[in-house]
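*Asks:* Need a 3D model of the sequence below.
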Amino acid sequence: MDVVFAVARQGEETAASKMQGLFITFEGIDGCGKSTHIASLARHLTLLGTSPLVTFEPGGTSFGSQVRSLVLSHETAGLGAVAELMLYAADRAEHVRTVIRPALSEGRLVLCDRFADSSMAFQGYGRGLDLDLIASLNRTATGGLEPDLTILLDLEPAVAAAHLESRMSGASAKGPADRIDIESLDFHRRVREGYLKIFRGKPLMRMVDSSGEPDQVQGRIRSEVQRLLDTLGSDRK
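*Replies:* Next up, the predicted model:
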């Protein structure tokens, strides 16, 4: 079923335009389809009169692009888990300061590919680092900023690994696989289990099964975003 977003009639404001910014993040294991679905959602929102800001971690700033080249490069394959965590935290702090908070203060709808939950899932559950340490670093890096909604795209690691095969061959538009992509299947299973644990403790996180046809998955995502827009729109009337 098609989902119609809360777009105003001519001369009226949309629900989103009345908001003082809206922050939606997307999470999931590598190969779950986040980037594709964010781009599709952004195009849809734009056609309906909203102009979302699409950003990502790591790398959503000029500083972050340098961090991304370090942390995802095959040349840093031996990088320690703590150093990896600190690089992600530094990227997030600058991202929030220079991109996300300014956009939210302007009333923008921000769609972000990965945020603080990624560090908990990958460096916490995946690498085995202390969860309290990661939570503390996240609070510092974000200044306490929390998403209004998080979409968790859930997919079996073995299926996600098959999706990554094209990146490993260099056939994907995202380019070849990075050093996180090629971690062991056991690593990605731990990350997925971490996300499921995070989901159970976060009422503002919605899980979307990413295993179906792309149009079906996108419809589920739009339904969750529409529900948020409808709720906030009615609350602010």
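*Asks:* so how far is the longest helix belonging to the chain off the chain centroid?
*Replies:* Longest helix of the chain, by residue count under DSSP state H: helix 214-235. Relative to the chain's own centre, helix 214-235 is displaced by 16 Å; criterion: C-alpha atoms, centre = their mean, to the nearest Å.
*Asks:* list the helices and strands the lowest-mean-pLDDT helix or strand in the chain packs on?
*Replies:* Every helix and strand of the chain was ranked by mean pLDDT, DSSP states H and E. The lowest is helix 157-168, at a mean of 79. If you count contacts as 3 or more C-beta pairs under 8 Å, 6 or more residues apart in numbering; DSSP states H and E, helix 157-168 packs onto helix 185-200. Using the backbone N, CA and C atoms, a C-beta is placed for each residue, glycine as well.
*Asks:* Please name every helix or strand in contact with the helix or strand that comes right after the helix it packs on.
*Replies:* Tracing the chain past helix 185-200, the next element assigned as helix or strand by DSSP states H and E is strand 205-209. With contacts taken as 3+ C-beta pairs under 8 Å, 6+ apart, strand 205-209 sits against strand 149-154, helix 185-200, helix 214-235.
*Asks:* Report the mean per-residue pLDDT for stretch 115-123.
*Replies:* The average pLDDT within stretch 115-123 is 98.
*Asks:* With stretch 75-86 instead?
*Replies:* The model assigns stretch 75-86 a mean pLDDT of 92.
*Asks:* Not counting that stretch itself, show me its contacts.
*Replies:* Residues outside stretch 75-86 that contact it (C-beta atoms under 8 Å, 6 or more residues apart in numbering) are Leu70, Val71, Ser119, Gln123, Arg127, Gly128, Leu129, Leu133, Ile134, Leu137, Arg179.
*Asks:* Count the residues that sit near the residue lying closest to Ala160 once chain neighbours are set aside.
*Replies:* Nearest non-adjacent residue to Ala160, counting by C-beta to C-beta, 6 or more residues apart in numbering: Gly31, 3.3 Å away. If you count neighbours by other C-beta atoms under 10 Å, Gly31 ends up with 23.
*Asks:* Make residue 1 into 260 and carry on from there
*Replies:* Right, with 260 as the first residue, what we last looked at is Gly290.
*Asks:* show me the contacts for Phe282.
*Replies:* If you count contacts by C-beta under 8 Å, 6+ apart, then Phe282 has Ile359, Leu363, Val369, Cys371, Leu404, Glu405, Pro406, Asp407, Leu408 around it.
*Asks:* which of these count as buried?
*Replies:* Ile359, Leu363, Val369, Cys371, Leu404, Pro406, Asp407, Leu408 (16 or more other C-beta atoms under 10 Å).
*Asks:* In strands only, show me the residues you listed.
*Replies:* Val369, Cys371, Leu408 (DSSP state E).
*Asks:* can I get these in a markdown table with distance to Gly318 and pLDDT?
*Replies:* As requested, these are exported to a markdown table (distance: C-beta to C-beta, whole Å; pLDDT from 0 to 100):
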| residue | distance to Gly318 | pLDDT |
| --- | --- | --- |
| Val369 | 15 | 98 |
| Cys371 | 12 | 98 |
| Leu408 | 22 | 97 |
